[in-house]
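Asks: Provided below for reference: sequence and predicted model.
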Amino acid sequence: MKKYLLLLALFIIAIVHLSYINNGFTWLDHGDIERGRSILPLSYLPSAFLIRFASTGFYRPMVTILNSVDFHLYRLNPAGFHLTNILLHLGVSLIAAEFV
């Protein structure tokens, strides 16, 4: 029964979030992705652990790495970035279910 509830929850999460996959970039995405403030060439990804995120004082190496990989895969196609976010959301939901 628990397995079916988890599958139902993942299905609902996917359906709800798929509605924005064709939207454009928003808010911080304009500077961080479109202007490349949080994008590194793939050969420089290890340096993401040593620098600040975009133009802020925040330390967010995983966001920089994921944005850089997404940019390498999708260039400036927002649907690819949104797809990655949906897959991350589903993955975290799946892992969180193990703690219930």
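Replies: Good, I have the coordinates.

Asks: Could you check what's spatially nearest to the residue nearest the centre of the chain, not counting adjacent residues?
Replies: Nearest to the mean C-alpha position of the chain, by C-alpha atoms, centre = their mean, lies N85 at 3.7 Å. In space, N85 comes closest to H17 once its chain neighbours are excluded; the distance is 7.7 Å by C-beta to C-beta, 6 or more residues apart in numbering. All C-beta spots, glycine's among them, are computed from the backbone N, C-alpha and C.

Asks: One more: L88?
Replies: Excluding the flanking residues, the one nearest L88 by C-beta to C-beta, 6+ apart is L66, at 7.8 Å.

Asks: hang on, that neighbour packs against T84?
Replies: Yes. Taking C-beta atoms under 8 Å as the definition, L66 is a contact partner of T84 at 6.5 Å.

Asks: picking that back up, list phi and psi for the residue nearest to the centre of the chain.
Replies: Main-chain torsions, N85, degrees, to the nearest 10: phi -60, psi -40.

Asks: that older thread, burial count for the residue nearest to L88?
Replies: When counting by other C-beta atoms under 10 Å, one arrives at 17 neighbours for L66.

Asks: Starting from S93, give me the distance back to it.
Replies: Going from L66 to S93 by C-beta to C-beta, to the nearest Å gives 17 Å.

Asks: after the helix or strand I15 falls within comes which helix or strand?
Replies: Element membership of I15, judged by DSSP states H and E, is helix 2-18. Counting by DSSP H and E, the element after helix 2-18 in chain order, helix or strand, is helix 29.

Asks: Tell me the buried residues in the next helix or strand along the chain from that following helix?
Replies: Beyond helix 29 on the C-terminal side, the first helix or strand identified by DSSP H and E is helix 61-74. Buried residues in helix 61-74, counted by 16 or more other C-beta atoms under 10 Å: 61, 64-68, 70-71, 74.

Asks: burial count for the closest residue to S93 other than its chain neighbours?
Replies: Nearest non-adjacent residue to S93, counting by C-beta to C-beta, 6+ apart: I13, 5.7 Å away. By other C-beta under 10 Å, the residues close to I13 number 16.
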